[in-house]
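> Predicted model and sequence below, questions to follow.
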Amino acid sequence: MLLILFLILGVVFILISINLIGLAFTKLGFPPESAVILLFLSLVGSHINIPVKEIISREPVISGRIIDFYWFRYVIPPHEVEHRTIIAVNLGGGVIPVLISLFLIPMANPVEVLAGVTIMTVFIHMMARPIKGLGIAVPALLPPIAAAGLALLISSQNAPVIAYISGTLGSLIGADLLNLKKIPYLGAPVASIGGAGTFDGIFLTGIISVLLA
């Protein structure tokens, strides 16, 4: 009976989460059906890394272990190639958020967007931490609140749009792109831009910041 109750609670939580995510995309101006498609592509795409470059790792490659970071657990699969790190772009946490942001940018004041992205980039870069064996990781819950508050200060009328753009692009630039030089010293088998370590932050920032704003 207890197991059944937990299963029911899990299903209810998933349905509420999907409804909230759909509401977030609707606030951004996407039709409900598009929101479902974007949600599906983002979640499925989080497991797809597009290789871009292979670099020589300065540290022994760490694999086959579990890393805990700010209440999120990342599993590093076994990796046979030593002293090689593959730099990739994650489909769900990198490509899709950038495309959505490019779609939304014309809906807001360019100066306000630039200010939001710049401030969030600096803020997230300060919070990002290099984790050996994983790559660059960001606490998943702080950026959404910061992006929402910042968006409300910049423009209360366009807060949802600015919150999404500044939160997602700020996370990608501040956490991943500005820390690319640190990747060879982390011993990570795969360093994914928008992937493990930052996907949770980027996805939650995009959704929660819009809802809060």
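Everything's here; your move.
> who touches residue 178 in this structure?
Residues near residue 178 by C-beta atoms under 8 Å, 6 or more residues apart in numbering: 121, 125. Just so you know, the C-beta spots here come from the backbone N, C-alpha and C atoms, and that holds for glycine as well.
> Which residue ranges of this protein form helices?
According to DSSP state H, the chain carries its helices in the segments 2-27, 32-45, 96-104, 110-127, 142-154, 159-171, 199-212.
> can you redo those as a markdown table with mean neighbour count?
Converted to a markdown table, these look like this (neighbours: other C-beta atoms under 10 Å):
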| stretch | mean neighbour count |
| --- | --- |
| helix 2-27 | 13 |
| helix 32-45 | 16 |
| helix 96-104 | 18 |
| helix 110-127 | 18 |
| helix 142-154 | 21 |
| helix 159-171 | 30 |
| helix 199-212 | 25 |
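> Please tabulate those in JSON lines and include mean pLDDT and distance to residue 191 as additional columns.
JSON lines is the format used below for the helices of the chain (pLDDT from 0 to 100; distance: least, C-beta to C-beta, whole Å):
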{"stretch": "helix 2-27", "mean pLDDT": "63", "distance to residue 191": "27"}
{"stretch": "helix 32-45", "mean pLDDT": "74", "distance to residue 191": "17"}
{"stretch": "helix 96-104", "mean pLDDT": "89", "distance to residue 191": "17"}
{"stretch": "helix 110-127", "mean pLDDT": "93", "distance to residue 191": "16"}
{"stretch": "helix 142-154", "mean pLDDT": "88", "distance to residue 191": "20"}
{"stretch": "helix 159-171", "mean pLDDT": "89", "distance to residue 191": "15"}
{"stretch": "helix 199-212", "mean pLDDT": "72", "distance to residue 191": "13"}
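> Please name whichever of those helices is nearest to residue 184.
Of all the helices of the chain, it is helix 110-127 that lies closest to residue 184, at 18.6 Å by C-beta to C-beta.
> quick one: contacts of the closest one?
The contact list for helix 110-127 (C-beta under 8 Å, 6+ apart) reads 105, 138-139, 142-143, 146-147, 150-151, 154-155, 158, 162-163, 165-167, 169-171, 173-175, 178-179, 201.
> Render the CA-only coordinates of that helix in CSV, please.
Extracted as CSV, the C-alpha positions of helix 110-127 are listed here (Å, rounded to 0.1, in the frame of the first residue of the first chain):
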residue,chain,number,x,y,z
PRO,A,110,18.0,44.5,-27.0
VAL,A,111,19.7,46.7,-24.3
GLU,A,112,17.6,45.0,-21.6
VAL,A,113,18.5,41.6,-22.9
LEU,A,114,22.2,42.4,-23.1
ALA,A,115,22.2,43.7,-19.6
GLY,A,116,20.4,40.6,-18.3
VAL,A,117,22.7,38.2,-20.1
THR,A,118,25.8,40.1,-19.0
ILE,A,119,24.9,40.2,-15.3
MET,A,120,23.7,36.6,-15.2
THR,A,121,26.9,35.5,-17.0
VAL,A,122,29.1,37.2,-14.3
PHE,A,123,26.9,35.8,-11.5
ILE,A,124,26.9,32.2,-12.7
HIS,A,125,30.6,32.3,-13.6
MET,A,126,31.2,33.2,-9.9
MET,A,127,29.1,30.2,-8.8
